[in-house]
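Q: Kindly return the folded structure for what I paste below:
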Amino acid sequence: MFIDENENIISFVIDTELTPDAYSDLIRFLYRHYLLPQMNRFVNIISDNTRFISFVLPDPMATWWARVEFKAGNPIEVKITTRGPVPPETINRLKEDLFITVQLFEEHVRRSSFYFAWVEGEPVVLERGPQKRRNIIYRMFSESMLLFFVIFIAISLFLFMIFGPYTPILLVMLQLVIFLFSDKIIMRMGSWQITREKPAVHIFHYHLQHDEYREFRRRFNRETLMKIKAEIYERTLAVGRRVDCETANEVFSQYGFTCRPESMSTKVVNVYDIVRKVAEKFGLPIPKIVIANTIIPNAAASGPYPSRGIVLITSGLLVQLEDDEILSVIGHEFSHLKGRDPLMLFALTAAEYLLRVYVFWPFLFIFGYFYLFVALSAVYFIAKFFEAKADLEAAIKLGNPKTLAEALRKIGFRRLQFERMPTYRLQEWLGWDPHPPLYFRIARLERIKDVTSIKHPFIQSIKDNIAGFLEAFRLR
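A: Model prediction:
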């Protein structure tokens, strides 16, 4: 393509978990779900319907244009050629649109794929879906244990009627005991423990075609999946062999379908090595590491103090992120351990509860709902300071804030869609969620030019959060 002196080229890649047989479907998905609904915006759409598509976004006033060339692969290659004064926000929106479209397609592909994860020497456990009950329990003992403390305090209102004025102090002491054993509680929630001797998680991804998937669902159930997973393990990792298509095909053929090399991918993530590297950067001992075998991408850290810390990682996080992105997410969790953030948040929620019961109780009969809304909103808003601080400390210690931004973008792409609306952004700031809005966290990380210039991460995070909230309030 001819490029004159007035043209600029922006090139970037999008990492993907897609297998090669899905590349042509990705091109068609991009056309149907992104370009076709906005046909009035785009011109000169060209595609080979296999791995390549290009289109042009023109300025309605004919002062500039931007040509996008999208090539499916691993990674996906994107080139944006611009001519004229294209607004930076237009380029950023294009990049974000393409990224979200790829993530939506990956989510679609996961519905007709097998994702098997194993740890050598550990029991074979089938992957869990986003079961509501278990997700609530998981959230109670993750996210700095804030949800657990809030639920615990709410229940105590009923117990107060039974045990009298000493109930609040007794309950706070009980909470403290539970907090001191939080590492033991989280340990029991994991599927496998990662150690120096068992450091890696092996992941096998197989994508079924639509008709194959429908047939499999008609004939088989989760017990069949468990048998397939166990048989593949016994023929490979259990005897010191790597998982490959030939062995998988031996197992698949017993159930009436074939393993095609272009429909599979394998991945080995040395989780222990990743956590060890982060621990060295933070100057902390290596915590206990557990894997929760669930498709939900997440990670959490807790424990009464660093030497009794524990990190929980889901297999879904290992599937969706690259090693450097996993490292950045673990760095965020290590900041919580180093700063004893779970203990700080416990003290915050306990202090609010004791003040509510012993000082503000007479006013609750008049301003009860209003007080609870304001108090809990304030607690969660302060909790956002700790989460923002963890982002900064991970960037400082690991030196690559953009990698953490990319990881957050992958994990929370659906949330980013909603946060494009200004009214929803304000709602995110006021909501009972310990994390700041995702758009704010990503933009903040991508603005960092020199991590050494950040001297006081917590103070900086307080300032940034307040500024972000006020900006969202102005744009509502």
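Q: Give me the residue at the spatial middle of this structure.
A: For the chain, the residue nearest the mean C-alpha position is residue 411 (3.1 Å; C-alpha atoms, centre = their mean).
Q: Next, count neighbours for the closest residue to residue 42 other than its chain neighbours.
A: Distance criterion C-beta to C-beta, 6 or more residues apart in numbering; nearest residue to residue 42, sequence neighbours excluded, is residue 55 at 4.7 Å. Quick note: C-beta positions are derived from backbone N, CA and C, even for glycine. Other residues within reach of residue 55, judged by other C-beta atoms under 10 Å, total 21.
Q: quick one: buried residues of whichever strand or helix holds residue 55?
A: Using DSSP states H and E, residue 55 maps to strand 52-58. Neighbour counts over strand 52-58 (16 or more other C-beta atoms under 10 Å) mark 52-55, 57-58 as buried.
Q: what about residue 95, how many neighbours?
A: Residue 95 has 16 neighbours, counted by other C-beta under 10 Å.
Q: and it, what is it in contact with?
A: By C-beta atoms under 8 Å, 6 or more residues apart in numbering, residue 95 lies in contact with 12, 78, 80.
Q: Residue 313 too?
A: 271, 289-292, 298-299, 326, 330.
Q: and with 7 Å instead?
A: 271, 291, 299 (C-beta atoms under 7 Å, 6 or more residues apart in numbering).
Q: Please identify which of those residues is nearest to residue 165.
A: Minimum distance to residue 165 across these is 40.8 Å, recorded for residue 299 (C-beta to C-beta).
Q: was I right about the closest one contacting residue 318?
A: No: contact criterion C-beta atoms under 7 Å: residue 299 and residue 318 do not qualify, at 9.8 Å.
Q: Counting neighbours, go ahead and name the busier of those two.
A: When residue 299 is set against residue 318 and neighbours are counted by other C-beta under 10 Å, the residue ahead is residue 318, at 25 against 20.
Q: isn't the more buried one right up against residue 203?
A: Yes: under the criterion of C-beta under 7 Å, residue 318 is in contact with residue 203, at a separation of 6.3 Å.
Q: So for these two, which residues contact both of them?
A: Counting by C-beta under 7 Å, 6+ apart, the residues touching both residue 318 and residue 203 are residue 269.
Q: and the strand holding residue 55, what other elements does it pack with?
A: Applying 3 or more C-beta pairs under 7 Å, 6 or more residues apart in numbering; DSSP states H and E, one finds that strand 52-58 contacts strand 43-47, strand 65-71.
Q: how close does the residue nearest to residue 42 get to residue 80?
A: Relative to residue 80, residue 55 is positioned 11 Å away (C-beta to C-beta, to the nearest Å).
Q: which residues do those two both contact?
A: Here residue 55 and residue 80 share the contacting residues residue 68, scored by C-beta under 7 Å, 6+ apart.
Q: For the helix ranked longest in the chain, buried residues please.
A: Ranked by residue count and defined by DSSP state H, the top helix of the chain is helix 361-398. When burial is assessed from 16+ other C-beta under 10 Å, helix 361-398 yields the following buried residues: 375-376, 379-398.
Q: For the stretch 301-450 of the chain, which segments are assigned as strands?
A: All strands of the stretch 301-450 of the chain, identified by DSSP state E, counting those that start in this stretch, fall at 310-314.
Q: tell me which helix or strand of the protein sits lowest on mean pLDDT?
A: Each helix and strand of the chain was given a mean pLDDT (mean pLDDT, DSSP states H and E); the minimum falls on helix 132-140 at a mean of 45.
Q: Buried residues, stretch 230-242. List them.
A: By neighbour count, and taking 16+ other C-beta under 10 Å as the criterion, the buried residues in stretch 230-242 are 230-233, 235-237.
Q: got a list of contacts for it?
A: Stretch 230-242 is contacted by residues 116, 118, 120, 124, 202, 204, 243, 247-248, 250-251 when judged by C-beta under 7 Å, 6+ apart.
Q: repeat that with 6 Å
A: Counting contacts by C-beta atoms under 6 Å, 6 or more residues apart in numbering, the residues outside stretch 230-242 that touch it are 118, 120, 124, 243, 247-248, 251.
Q: hmm, which two among these are most spread apart?
A: Among the contacts of stretch 230-242, 120 and 251 lie farthest apart (C-beta to C-beta), at 18.0 Å.
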